[in-house]
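Q: okay, structure incoming, though there's no sequence with it:
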């Protein structure tokens, strides 16, 4: 008979007390996180858009603040001599026991890792001391709230239209609809198109998540129709019209439309979730190709997203054999960018020094990336994952890449036996640089793709302007094309707020000498921008110039930028919709958008 070795009884009171402190620290964090998400309903009802954006930005910092609070408590309470290796091992076991009935165990494990990694040396970053692998299951966690994770409706009993009416009214939004009967009829027509004959089957059901998804000026009802083994995902955006009344704006049911709504280029949703893993499981049934890490992140749980991403990365390393190498594209002055060809992400390291004309510092670059993390990305700026002390297998690095890292970022590189340690880096979804996309499209004679990319490029800039962002360096190499053929900005070291810029017209030359001068004859301030100069750098290609002038000539005028800056300063928050404009039930249902998503 096989002998089973049971661990000795847990006996350290210190380990138990530390485990309880960490768990209480996480519970405080999630209580505050959830309270902010719950307030989003009130902001939406009242049309308090600025307050909603402020709450979303502030919520991003909750996690790090609670981690630092917890670390400080432990460092104040315990001497280093009291915290032996045995205490740390036992601490993890106590913590596991405290999570058996927990509603967010996977998040609590990540919080534990964050606290411990702030205290322990990286040699302890293994499964004996932290949760390299998850331990507590997130399957079948029961909610304690009065409401389950999702509601189930049976349209065969009352008819689809009455079912839709109940679905919407169950959210109890404290704001009147302009014409709910009309909107429900339009939703019904779209869903009947989606469901087809299944809509009249007796076992047909509709599942809808019990919390709306709030972001910017919209609320989103997320659900799916189910009949046998067939599932039909759909999302219904709810907006305010220009009179302050609510409207159901459209129905999204194509995979690409829903994927773009949940894209890594958008701000995080505010969603009230008692059991977040249940929401992630539901959303994965809508978006089966989207990694769980990205779903957690878009729900505002970006630290859990980082944890899952890193686990996926480690698994990929084990099951691949290619080498890290410099990413394709024009080399930047600020960042070293490298990639693993088989992995759909790039790794970005800030150089130790920057050649002219760059005038910035590492701290300033990090601040720009932090700005983007907190800002509304309106689907046009890639989110980044920031890591410290990342270990890479030395044998997987191309020698040329390793030499480049040591040359341009020596302060961040450490060799430790068979590992390369990078002390700080960003990880970002890999895209095709726009300059390469345009070049390839021209070589293939695909003028339609060239025009599409230029339309997307201009729309990207205009939507960034709507979010009070000036890209700074607008060269094509700083933009990427996603797999959905959307153009996204990803080089942040020169971004500024629109409201901090002075958009000027180039003064008329007073003399022939001034007109022929190689240097400007007029004073230029640090934040001065001359839009009429953009064409010099962007429109050398005649075909690109034709498409740009056809669709976005206004971007070359100071008047355009000045007018947009004035609207921002006047307190306007523009509408930038995360779905194609032609899908909307009524273009007059809300104020006209700055740009339409042409996807």
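A: The structure has been received and is ready for your questions. This is a predicted model, so every value here is computed, not measured. Residues are numbered from 1 along each chain as shown.
Q: where in the chain is pLDDT low?
A: 1-10, 197-202, 514, 518, 587-599 (pLDDT under 70).
Q: quick one, longest helix in it?
A: Determined from DSSP state H, the single longest helix within the chain is helix 13-46.
Q: what helices or strands is that helix leaning on?
A: helix 49-60, helix 62-77, helix 85-98, helix 105-119, strand 213-215 (3 or more CB pairs under 8 Å, 6 or more residues apart in numbering; DSSP states H and E). For the C-beta atoms, the positions are set from N, CA and C on the backbone; glycine is no exception.
Q: tilt between the fourth one and helix 62-77?
A: Translated: helix 105-119. Angle of helix 105-119 versus helix 62-77, following axes from the mean of the first three to the mean of the last three CA atoms, to 10 degrees, is 50 degrees.
Q: which positions within stretch 284-300 qualify as buried?
A: 286-287, 290-300 (16 or more other CB atoms under 10 Å).
Q: now residue 377, what are its backbone angles?
A: phi -90, psi 0 (degrees, to the nearest 10).
Q: just to revisit the earlier point, of the helices and strands packed on helix 13-46, flag the one that's most buried.
A: Highest mean neighbour count of the helices and strands packed on helix 13-46: strand 213-215, a mean of 24 (counted as mean count of other CB atoms under 10 Å).
Q: what does stretch 48-66 rub up against?
A: The contact list for stretch 48-66, computed with CB atoms under 8 Å, 6 or more residues apart in numbering, reads 25-26, 28-29, 32-33, 36-37, 39-40, 42-44, 111, 114, 214-217, 267-268, 270, 300, 302-303, 373-376, 571, 573.
Q: end to end on stretch 161-178, go ahead and measure it.
A: 17 Å (CA to CA, to the nearest Å).
Q: chain center to that stretch: distance?
A: 29 Å (CA atoms, centre = their mean, to the nearest Å).
Q: can you list contacts of that stretch?
A: Outside of stretch 161-178, the residues within contact range by CB under 8 Å, 6+ apart are 41-42, 44-46, 151, 153-155, 157-158, 180-181, 183-185, 187-188, 191, 206, 208, 212, 219, 221, 223, 236, 238, 240-241, 243-248, 589.
Q: where exactly do the strands run in the stretch 101-250 of the chain?
A: Secondary structure of the stretch 101-250 of the chain (DSSP state E, counting those that start in this stretch): strands located at 150-153, 205-209, 213-215, 218-227, 230-240, 246-248.
Q: just the stretch 301-450 of the chain next, same as before
A: 325-326, 335-339, 345-350, 384-393, 413-416, 419-429, 432-433.
Q: want to throw those strands into CSV with distance to residue 485 and mean neighbour count?
A: Shown next, in CSV, are these (distance: least, CB to CB, whole Å; neighbours: other CB atoms under 10 Å):
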stretch, distance to residue 485, mean neighbour count
strand 325-326, 25, 15
strand 335-339, 20, 21
strand 345-350, 19, 22
strand 384-393, 21, 16
strand 413-416, 36, 13
strand 419-429, 14, 18
strand 432-433, 10, 19
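Q: next, format the ones you listed as JSON lines and append distance to residue 531.
A: Listed next are the strands of the stretch 301-450 of the chain as JSON lines, based on distance: least, CB to CB, whole Å:
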{"stretch": "strand 325-326", "distance to residue 531": "33"}
{"stretch": "strand 335-339", "distance to residue 531": "26"}
{"stretch": "strand 345-350", "distance to residue 531": "29"}
{"stretch": "strand 384-393", "distance to residue 531": "28"}
{"stretch": "strand 413-416", "distance to residue 531": "40"}
{"stretch": "strand 419-429", "distance to residue 531": "28"}
{"stretch": "strand 432-433", "distance to residue 531": "23"}
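Q: which of these sits closest to residue 13?
A: If you check each of these against residue 13 by CB to CB, strand 384-393 wins as the nearest, at 31.4 Å.
Q: does residue 378 touch residue 464 like I think?
A: Yes. Assessed by CB atoms under 8 Å, residue 378 is found in contact with residue 464 at 6.8 Å.
Q: rewinding a little: now tabulate the strands of the stretch 101-250 of the chain in a markdown table and tack on distance to residue 564.
A: Converted to a markdown table, these look like this (distance: least, CB to CB, whole Å):
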| stretch | distance to residue 564 |
| --- | --- |
| strand 150-153 | 41 |
| strand 205-209 | 36 |
| strand 213-215 | 22 |
| strand 218-227 | 21 |
| strand 230-240 | 22 |
| strand 246-248 | 26 |
